[in-house]
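1. Have a look at this fold, sequence not included:
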């Protein structure tokens, strides 16, 4: 890896590759992998992607202090990063995941859960959904 890194330095303009991370000595550029997984946060394998034309959706969600999202599930693979605040993700029949600012999550697929902000400041999360046109990203429990 050291030899590869030394070979890439001139081509990357002072940047070095370490694993899946990219760090540059000039300009302060840092490209760091936050999550890479084949499983959701509860340890279950992610399902295959749906067939058909891919459709990517990116949402920025803000949850006020003390607010609780409705019980819901996602029929598509999605992952996110908590930008600020705290967020508890509560699985209907199982554990709770406690997220803090900067944490990444591979979300549950087809499992009922809800999010709750236990903090005193808004929680803000960016979530990327990988689905197909016409397939909802979220289904609220009736």
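-> Cool, the structure landed. If you're wondering where the values come from, they're calculated on a predicted model, not measured in any experiment.
2. from what I can see residue 56 touches residue 128, true?
-> Yes: using CB atoms under 8 Å, residue 56 makes contact with residue 128 at a distance of 6.6 Å. Backbone N, C-alpha and C define where each C-beta goes, glycine included.
3. Tell me which of those two has more neighbours.
-> Ranked by neighbour count (other CB atoms under 10 Å), residue 56 and residue 128 place residue 128 first, with 15 against 9.
4. Helix or strand: which one has that one?
-> Secondary structure from DSSP states H and E places residue 128 in strand 123-131.
5. Pull out the buried residues from that strand.
-> Within strand 123-131, the residues scored as buried using 16 or more other CB atoms under 10 Å are 123, 124, 125, 127, 129, 130, 131.
6. Adding distance to residue 47 and pLDDT as columns, could you present those residues in TSV?
-> As requested, those are exported to TSV (distance: CB to CB, whole Å; pLDDT from 0 to 100):
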residue	distance to residue 47	pLDDT
123	27	98
124	28	98
125	22	98
127	17	98
129	14	98
130	11	97
131	12	96
